[in-house]
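> Just a sequence and a predicted model for now, questions to come.
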Amino acid sequence: LCVFPGTQYGYVCGGFLGKWPDCVSGPNVAYGSQIQKISLTTDGNSTDIGDILSARRHQSGHSSATHGFVVGGYISQAPSSLNIIERFSFTTDGNSTDWADLISARTRLVPVSSCTHGFTLGGGDETNSANTIDAIQKFPFASQTNATDWADATTRKFAGAGCSSATHGYALGGTQHTPPAAPAINVIENFPFATQTNATDVGDLTVVRHSPAGISSTTHGYAAGGHG
């Protein structure tokens, strides 16, 4: 039986702590490394239960029934994008560990989870929008196996929302690579978990937007907020 994640706790890992507009470089840059845990059954503040391997922003998050996975992202020290897949336990509070690698260093990936695998769609590298990719990458939750190129998105993009059903992954909105601009889009696309099939356009958001939050119930996907 596939256990739909998110019945007891939610988690927030890392993120941007600096001052806008100094979000890439400069004296005000600060990224977080905390793993914060939030109860889904009782109102209250989050608690700090550990750290990811490096402070970063624009990483993606995935869930199995037992572990959380933090994928890619952008660190300020280099600065550089990352190809790391790291893992932390839902049952024992503590730091994450290095689990596997993406096919290339990426940031602002669209995250999707099936019962057994994590999928990422697209992604940039924070240096040049021309380096944005359309790959759908897949990695197993159960073994320390690097991601593989599974299929393709409808276009090269990054910063979309990810939602999951029992059988398909969905990417909502994002920023499309269209030289010389990088416009926000309203596309809703999906791809099957079971077969290596490219994503298809299945609908539209109400407005164009990138960087929304993706939320899934057992029957619907939601894109909350975002930037037009």
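Received, thanks.

> Low-confidence stretches in this structure?
1-5, 19-29, 78-79 (pLDDT under 70).

> which residues touch the residue nearest the centre of the chain?
The centre of the chain sits closest to S60, judged by Cα atoms, centre = their mean, with a distance of 2.3 Å. S60 makes contact with V70, V71, G72, G73, R108, L109, V110, P111, T120, G162, according to Cβ atoms under 8 Å, 6 or more residues apart in numbering. Yep, even glycine has a C-beta here, placed from its N, CA and C like the rest.

> Who does it form a beta bridge with?
Per DSSP bridges, the residues bridged to S60 are V71.

> Q176 and E189 touch, don't they?
No - counting by Cβ atoms under 8 Å, Q176 stays clear of E189, with 11.5 Å between them.

> and I84, what does it touch?
By Cβ under 8 Å, 6+ apart, I84 lies in contact with L53, V70, V71, G72, G73, D98, D101, L102.

> that's a strand at it, yeah?
Yes - assessed by DSSP: H, G, I helix; E, B strand; the rest coil, I84 belongs to a strand.

> and the gap between it and T178?
I84 sits 29 Å away from T178, going by Cβ to Cβ, to the nearest Å.

> cool, T197 as well?
24 Å.

> A55 now?
In terms of Cβ to Cβ, A55 sits 32 Å off from T178.

> Those two: which is more packed in?
Set A55 next to T178 and count neighbours by other Cβ atoms under 10 Å: A55 wins out with 20 against 14.

> From what I see, Q144 and D101 are in contact.
No - judged on Cβ under 8 Å, Q144 makes no contact with D101 at a distance of 9.8 Å.

> Between these two, tell me which one has more neighbours.
D101 (18 against 13).

> For the more buried one, grab phi and psi.
Phi and psi for D101, reported as degrees, to the nearest 10, are phi -130, psi 150.

> which residues does it contact?
With contact taken as Cβ under 8 Å, 6+ apart, D101 is in contact with N83, I84, I85, N146, A147.

> Of these, keep whichever come out buried.
Taking 16 or more other Cβ atoms under 10 Å as the criterion, what is buried in the contacts of D101 is N83, I84, I85, A147.

> Just send the residues you listed back as JSON lines, with distance to H227 too.
Below are the buried ones among the contacts of D101 laid out as JSON lines (distance: Cβ to Cβ, whole Å):
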{"residue": "N83", "distance to H227": "26"}
{"residue": "I84", "distance to H227": "26"}
{"residue": "I85", "distance to H227": "27"}
{"residue": "A147", "distance to H227": "27"}
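
> what's the closest of those to Q77?
Among those, I84 lies closest to Q77 (Cβ to Cβ), at 13.9 Å.

> Distance-wise, check that closest one relative to R56.
Using Cβ to Cβ, I84 is found at 9 Å from R56.
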